[in-house]
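**Q** Predicted coordinates and the sequence they were generated for:
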Amino acid sequence: MRRLLVLVLLAVVACSVGKDAGGPPVVLLDEFSVEAAGVFGPGVNDVVVRNDGEFGHTVVFAQSDGTVVGASPSVAPGEEIVFPVRLEAGVEYEISCRIVVGVGAGRIVDHYEEGMLTGITVEVVDALSR
Ligand SMILES: [Cu+2]
């Protein structure tokens, strides 16, 4: 009986460790910020993108040399989408919004310049632990 209890406790600990260590990849958008949370792993990531702002935004994943590997459609204010993007292990990516809006009199608002960017590094996952 005691052995069974230990096994059950170990199973509970294993499950809670898994939750703490992960969660789905999430990108939160607002004026003018991009926040990344959760685990971005190698392969296709179904990224949850949520726009908490007042304006439409996009999500662009790019490598450090500027190569774009994924660009979402426009995400409306209050909208949440799931955006699949393929990422490689050990690679750093910049996540940004590239919307540029004319506001009259030859002036623009460039969301990237306003600070809508962040960076992630895709974790190298031990094949044996999967
Ligand atoms: Cu934007």
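**A** Thanks, I have it.
**Q** mean confidence score for stretch 31-43?
**A** Averaged over stretch 31-43, pLDDT sits at 96.
**Q** I'd like the numbering to begin with 25 instead of 1 from here.
**A** With 25 as the first residue, the last one maps to stretch 55-67.
**Q** Need the residues that contact it.
**A** 45-52, 71-72, 77-79, 83, 110-113, 117, 119-121, 135, 138-142, 144, 146-149 (CB atoms under 8 Å, 6 or more residues apart in numbering). Glycine gets a C-beta too; all of them are placed from N, C-alpha and C.
**Q** What does residue 142 show for phi and psi?
**A** Backbone torsions of residue 142, given as degrees, to the nearest 10, read phi -150, psi 180.
**Q** who's in contact with the residue nearest to residue 103 when sequence neighbours are not counted?
**A** Nearest residue to residue 103 in three dimensions, chain neighbours excluded: residue 75, at 5.5 Å (CB to CB, 6 or more residues apart in numbering). By CB under 8 Å, 6+ apart, residue 75 lies in contact with 53-54, 81, 99-104.
**Q** Just the buried residues out of these, in PyMOL syntax.
**A** Of the contacts of residue 75, the buried ones go into a single PyMOL selection, burial set by 16 or more other CB atoms under 10 Å:
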select buried, resi 53+54+81+99
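**Q** State the pLDDT value of residue 120.
**A** Per-residue confidence (pLDDT) for residue 120: 98.
**Q** Actually, residue 152.
**A** Taking residue 152 on its own, its pLDDT is 58.
**Q** One more: residue 148?
**A** pLDDT, read off for residue 148, is 79.
**Q** still on that earlier bit, take the contacts of stretch 55-67 and keep only those in strands.
**A** Per DSSP state E, strands hold the following members of the contacts of stretch 55-67: 50-52, 71-72, 110-111, 117, 119-120, 141-142, 144.
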